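Student: A structural model of the following input is requested.
(chains A, B, C and D)
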There are 2 protein chains.
Amino acid sequence: MSHDKITYDEFKEVLQKNSQRITLPRLEVLRILKSNHNPLTMSEIHDKVNLLHPKKKVDLATIYRTVNLFVDLKIVSEVNFRDEFKRYELVFDRHHHHHIVCKKCKKVENVELCLMNEIEKMLVKKGYKDISHSLEFFGVCKECSKN
Amino acid sequence: MSHDKITYDEFKEVLQKNSQRITLPRLEVLRILKSNHNPLTMSEIHDKVNLLHPKKKVDLATIYRTVNLFVDLKIVSEVNFRDEFKRYELVFDRHHHHHIVCKKCKKVENVELCLMNEIEKMLVKKGYKDISHSLEFFGVCKECSKN
DNA sequence: GATTAATATGAAAATAATCTGGATTAACGG
DNA sequence: CCGTTAATCCAGATTATTTTCATATTAATC
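Tutor: Numbering: from 1, shown residues only, chains lettered A, B, ... in the order given. Next comes the predicted model:
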């Protein structure tokens, strides 16, 4: 299951191209996102960063600034779960994928297929019940493209 | 484009079955949701309810409680747009549908088709650019089904 | 390695959506 | 119409997120 996440060198290159400094908090956030396979909330990223770095705590505000910067730079993508906080994960090079969230325990698993019927069949095989989904499209409309 | 939204009689029946009282604020919220074809935010519902009812204002807290009750009763469904507030719309009987949100002006249109390639082609024809989408699944996992 | 200019960070306060508790009012069965 | 109970209003509490500003850090230059 090779996901081809961004490397540290690619990361540094992206930051430098955009005149952004390579700082310790930014490297820490990248490290956490690289070592986790599920999308994380701001608060989870904050906890994990500080868990292994007790000498100098990174502030939650810095986590917010850092993750939002990564989203702007397209290093990270934002995932919205219904009734849940926003979550963030590294952009994968290879494939577009989705998620299945347990309505009770909130566990998140990745879904690798991309056709809805196929996906729901597969989720049933995995033992999921009461399956529903949310699909939203985003784009720039005709009127806004003119400006 | 008949959407077969819930009728007032069906609405009353659902409330009564669930031992909920039929109150003026609840009827007002239903009226607003019935007369709007796009999902609305709590604050938009609040404004619209009070626009035509200047004698007695309905409090925003009541809008929150009412809409959340409707969601619990499956009269209303919650729609999450990325970078946006939660929005709410009446559950339609006939068809499952999705939305297209303009990234600039935040305008929301309904999308009636349900195959992703078809949908994106259709959106391109409508003049949308820079299209992306978010798809999430929800369900109860094997472990949680046991309890 | 030291100097410096500019940016990033930490800490705390501001903001904004949403929720809650208590007193008041309205719904509805009798 | 009355009494019981639930719903509403009002105000204030929460919580996620953003902003402000003084201080610390980065990275370019010497």
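
Student: Touching stretch A:39-48 from outside, list them.
Tutor: By C-beta atoms under 8 Å, 6 or more residues apart in numbering or on different chains, the residues outside stretch A:39-48 that reach it are A:29, A:32-33, A:36, A:58, A:60, A:63-64, A:67, A:79, A:85-89, A:99, A:108. All C-beta spots, glycine's among them, are computed from the backbone N, C-alpha and C.

Student: give me phi/psi at the residue most central in space within chain A?
Tutor: Nearest to the geometric centre of chain A sits A:Glu89, at 1.7 Å (C-alpha atoms, centre = their mean). Dihedral angles of A:Glu89 (phi, psi; degrees, to the nearest 10) stand at phi -150, psi 160.

Student: Just the pLDDT for it.
Tutor: Note on A:Glu89: pLDDT of 90.

Student: From A:Tyr64, how far out is A:Asn18?
Tutor: Per C-beta to C-beta, to the nearest Å, A:Asn18 is found 18 Å from A:Tyr64.

Student: For these two, indicate the residue with more neighbours.
Tutor: More crowded of A:Asn18 and A:Tyr64, by other C-beta atoms under 10 Å in any protein chain shown: A:Tyr64, with 13 against 10.

Student: How about that one: what's its closest non-neighbour residue?
Tutor: Leaving aside its sequence neighbours, A:Tyr64 sits nearest to A:Met42 (C-beta to C-beta, 6 or more residues apart in numbering or on different chains; 5.8 Å).

Student: and that neighbour, how many neighbours?
Tutor: Residues near A:Met42, counting by other C-beta under 10 Å: 18.

Student: Can you name the next helix or strand after the helix or strand containing A:Val71?
Tutor: In this assignment (DSSP states H and E), A:Val71 forms part of helix A:60-72. Per DSSP H and E, the first helix or strand lying C-terminal to helix A:60-72 is strand A:76-80.

Student: and for that next one, what are the contacting residues?
Tutor: Applying C-beta under 8 Å, 6+ apart, the set of residues contacting strand A:76-80 is A:33, A:39, A:67, A:70-71, A:86-91, A:99, B:80-83, B:134, B:136.

Student: Alongside DNA strand D, which residues does chain A contribute?
Tutor: Contact residues (C-beta under 7 Å from any atom of the strand) of chain A with DNA strand D: A:21-24, A:41-43, A:56, A:60-61, A:64-65, A:68, A:85-86.

Student: among those, who's most crowded?
Tutor: Per-residue neighbour counts (other C-beta under 10 Å) across the residues of chain A next to DNA strand D peak at A:Met42, which has 18 neighbours.

Student: Write the ChimeraX selection for whichever of the contacts of strand A:76-80 are buried.
Tutor: Burial among the contacts of strand A:76-80 is assessed by 16 or more other C-beta atoms under 10 Å in any protein chain shown; the matching ChimeraX selection reads:
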select /A:33,39,67,70,71,86,87,88,89,90,99 /B:80,81,82,134,136
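
Student: Regarding A:Pro117, which helix or strand does it belong to?
Tutor: Check again: residue A:117 is Asn, not Pro. Using DSSP H and E, A:Asn117 sits within helix A:116-125.
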